[in-house]
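**Student:** take this sequence and fold it.
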Amino acid sequence: MNQLLAMRTFVRLVETASFTRTADQLCIARSTASKLIADLERYLGVRLVERTTRKIGVTAEGLAYHDRIAGILADLDDADRAIRGSGLKPAGRLRIEAPRSFADRLLIPMLPGFAADYPDIQIALGVNDRTANMIGEGVHCAIRGGPRRTRR
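**Tutor:** Modelled structure (predicted):
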């Protein structure tokens with residue numbers, strides 16, 4: 001038994017009072033939802049829900065269990081969201097070297113919009129026409145121009 005999935009299924013079942021809606025919301029088969037609840041009841045050694053052909057009722061033990069695990073599952077979801085989101089927000093220092101003509105016409109006018117979209121990135125822009133030593137000078141991105149070459 002996947003205990004975490006069974007717990008999530010039980011919490012959703014209490015909220016929806018329907019195996020069909022629970023299964024639909026969790027994208028699992030209705031029979032899977034029913035089996036997960038039965039496995040969870042067997043594991044805990046108590047009845048969590050009373051099933052009839054028309055209605056589902058939560059037992060006193062089921063309500064107590066729901067009250068304990070609903071908060072735990074919410075905390076797990078919050079932890080997951082925090083970690084997932086942390087990798088999606090770029091941050092740090094970015095050193096760019098670009099020729100003056102390119103920087104003046106294209107790069108510098110775009111910096112305010114970039115800063116608004118990515119406030120946690122600090123740009124260090126080197127504007128000159130020399131070729132930078134990327135490794136020696138710690139340059140992350142160098143934009144260089146020159147005559148267009150044709151392939152042979």
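
**Student:** just the helices in the chain please.
**Tutor:** If DSSP state H is used as the criterion, the helices of the chain fall at 3-16, 19-26, 30-44, 60-86, 100-102, 108-117, 134-137.

**Student:** dump these into TSV; add mean pLDDT as well.
**Tutor:** Formatted as TSV, these follow (pLDDT from 0 to 100):
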stretch	mean pLDDT
helix 3-16	94
helix 19-26	92
helix 30-44	95
helix 60-86	90
helix 100-102	88
helix 108-117	90
helix 134-137	80
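
**Student:** for Ala124, which of these is the nearest?
**Tutor:** If you check each of these against Ala124 by CB to CB, helix 134-137 wins as the nearest, at 10.4 Å. From N, CA and C alone the C-beta is placed, and that goes for glycine too.

**Student:** do you know how far Ala132 is from Ser101?
**Tutor:** Applying CB to CB, to the nearest Å, one obtains 16 Å for the distance of Ala132 from Ser101.

**Student:** those two: who's more crowded?
**Tutor:** Comparing Ala132 with Ser101 by neighbour count (other CB atoms under 10 Å), the higher total belongs to Ala132, at 17 against 11.

**Student:** list the contacts for the more buried one?
**Tutor:** By CB atoms under 8 Å, 6 or more residues apart in numbering, the residues touching Ala132 are 97, 126, 139, 142.
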